[in-house]
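> Fold the following and give me the result.
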Amino acid sequence: MKNLLASVALSVVLGTPAAFAAEVDTIAILTPEQGSDYGWNQQGVEAAKAAAEATGVEIIVAEGLGYGDVRAPMRELAADGADLMIAHASGYNTAGPEIAEETGVPVAIVDSPDALVKGLVADYTLSGHEGAYLAGRLAAKMTSTGTVGIVVSGEPPSWNSQSAGFAEGVHAENPDVKILYSVIGPAAYSDAAGGNRVTTSVIAAGADIIFGQGNGSSFGMIQAVESNKATDGSDVLFIDVIGDKSELDKGHLLTSVLWDMTPVYTAMIEDLKADQFGTHGYSISLADDSVKLVKTPQVDEAAWTEVMALRDQIIAGDITVEPKFDAEDVRALVTVTE
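Just a heads-up that it's a prediction; the model follows:
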């Protein structure tokens with residue numbers, strides 16, 4: 001099958017699960033873009049491979065499937081022996097449950113926390129809102145124009161929670177900092193040209209730090225950051241999410257809210273074995289480093305030290321950052337630009 005790459009994990013499951021537990025020999029992950037995007041797709045693929053190795057199962061990677069109908073490749077993966085399919089795109093959350101019911105193969109989807117079906121459908125609507133809050137505190141400390149921007153390629157729940165977390169962090173650090181907010185399109189995840197155009201507009205409106213959420217469109221955002229100066233003549237800085245683009249940086253990456261989904265996928269496999277799959281959601285957090293900030297040469301050392309102290313306060317429970325998954329909650333915190 002086109003775009004399917006199989007790799008065998010190195011270890012073998014030695015423990016014997018309870019008698020009622022499911023056998024898990026092979027998992028599959030489906031991604032809309034290639035697993036080499038330094039972002040959502042790559043982090044998902046690498047985490048799935050790591051979880052497979054940790055639990056002693058085989059993995060099939062089906063990548064570059066686009067954002068359309070994936071029923072056919074899901075049926076083929078089920079026929080090829082997948083015991084769990086990870087549908088790694090919000091656009092797959094309709095087909096996923098349908099194919100799970102049709103084939104009997106459990107499916108994990110995103111952005112659908114109310115779609116749980118025990119033994120069949122699990123949801124992993126993850127949120128890096130704690131890390132985004134810290135990124136907001138850092139941005140408010142380092143802006144020279146007094147304006148920062150949020151550019152997103154859509155408004156799925158996981159994007160919204162990070163946008164809200166970032167905005168709350170900015171406000172907590174300095175309520176006088178203006179936050180501009182712009183959406184490229186309703187599902188413009190791979191629209192690099194749109195990312196460039198919208199980010200250029202936000203920079204022209206005064207933002208000197210851009211918090212960007214976009215998958216493939218993030219590369220267009222970065223192009224805009226690299227090719228435009230802030231209104232005060234300073235360099236524009238970029239805050240990325242989910243992946244780490246440090247090796248591509250030309251001196252404009254401030255930080256990234258980095259996700260590690262390995263614990264999530266590992267827990268799914270163990271839940272499937274223990275007959276708990278589909279009974280609860282999953283999360284990532286600062287506490288176990290499944291969410292963390294990337295430090296780059298552009299970060300002011302004193303500001304970084306202060307932000308890391310704030311991280312410790314969040315972990316200790318002294319600062320609480322609640323996820324907000326609705327777009328209207330985000331829009332209430334920002335100045336929307338079209």
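> domain assignment for the chain?
Dividing the chain into domains by automatic domain parsing, as the record does, gives the ranges 4-126+261-273, 129-259+290-336.
> So residue 258: helix, strand or coil?
strand (DSSP: H, G, I helix; E, B strand; the rest coil).
> quick one on the thing from earlier: which of the domains of the chain sits closest to residue 281?
Nearest to residue 281 among these is domain 4-126+261-273 (5.5 Å), distances taken as C-beta to C-beta. Glycine gets a C-beta too; all of them are placed from N, C-alpha and C.
> Can you name the residues in contact with stretch 248-259?
38, 43, 126, 128, 131-132, 134-135, 138-139, 142, 162, 209, 222, 225-226, 235-246, 284, 290-299 (C-beta atoms under 8 Å, 6 or more residues apart in numbering).
> One more pass at 7 Å, please.
The set of residues that contact stretch 248-259 without belonging to it, under C-beta atoms under 7 Å, 6 or more residues apart in numbering, is 38, 43, 126, 128, 131-132, 135, 138, 162, 209, 225-226, 235-246, 284, 290-296, 298-299.
> which stretches of the stretch 201-338 of the chain have low pLDDT?
For the stretch 201-338 of the chain, not a single residue meets the criterion pLDDT under 70.
> now the helices: where do they sit in it?
Secondary structure of the stretch 201-338 of the chain by DSSP state H, counting those that start in this stretch: the helices cover 218-227, 262-273, 301-316, 327-331.
> Next, format those as TSV and append distance to residue 30 and mean neighbour count.
Rendered in TSV, the data for these read as follows (distance: least, C-beta to C-beta, whole Å; neighbours: other C-beta atoms under 10 Å):
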stretch	distance to residue 30	mean neighbour count
helix 218-227	21	22
helix 262-273	13	22
helix 301-316	33	14
helix 327-331	26	18
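> quick one: contacts for residue 234?
Under the criterion of C-beta under 7 Å, 6+ apart, the contact list for residue 234 reads 144, 208.
> again, 10 Å this time
Residue 234 makes contacts with 143, 144, 145, 208, as judged by C-beta atoms under 10 Å, 6 or more residues apart in numbering.
> likewise residue 295?
Residue 295 makes contact with 246, 254, 255, 256, 301, 304, 307, 308 under the criterion C-beta under 10 Å, 6+ apart.
> same question, residue 126
If a contact means C-beta under 10 Å, 6+ apart, then residue 126 has 110-111, 157-158, 161-162, 242, 259, 261, 264, 281-285, 290-291, 323 as its contacts.
> Would you map the strands across the stretch 1-150 of the chain?
Secondary structure of the stretch 1-150 of the chain (DSSP state E, counting those that start in this stretch): strands located at 4-7, 26-30, 58-62, 84-87, 107-109, 121-123, 147-152.
> ok, which stretches of the stretch 151-300 of the chain are strands?
Counting by DSSP E, counting those that start in this stretch, one finds strands in the stretch 151-300 of the chain at the ranges 178-183, 209-213, 237-242, 253-259, 291-293.
> export those strands to JSON lines and tack on distance to residue 230 and mean neighbour count?
Formatted as JSON lines, the strands of the stretch 151-300 of the chain follow (distance: least, C-beta to C-beta, whole Å; neighbours: other C-beta under 10 Å):
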{"stretch": "strand 178-183", "distance to residue 230": "12", "mean neighbour count": "21"}
{"stretch": "strand 209-213", "distance to residue 230": "9", "mean neighbour count": "30"}
{"stretch": "strand 237-242", "distance to residue 230": "9", "mean neighbour count": "27"}
{"stretch": "strand 253-259", "distance to residue 230": "13", "mean neighbour count": "25"}
{"stretch": "strand 291-293", "distance to residue 230": "22", "mean neighbour count": "23"}
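> Tell me which of these lies nearest to residue 53.
Among the strands of the stretch 151-300 of the chain, the nearest to residue 53 by C-beta to C-beta is strand 253-259 (18.5 Å).
> strands paired with the closest one, and their directions?
strand 237-242 (parallel), strand 291-293 (antiparallel) (DSSP bridges).
> Among the helices of the stretch 201-338 of the chain, which comes closest to residue 75?
helix 262-273 (19.7 Å).
> so the residue most central in space within the chain bridges to which residues?
Closest residue to the average C-alpha location of the chain: residue 242 at 4.4 Å, with C-alpha atoms, centre = their mean. Each beta-bridge partner of residue 242 is listed here: residue 258, as defined by DSSP bridges.
> Span of stretch 48-63 from start to end?
By C-alpha to C-alpha, to the nearest Å, the extent of stretch 48-63 from end to end equals 12 Å.
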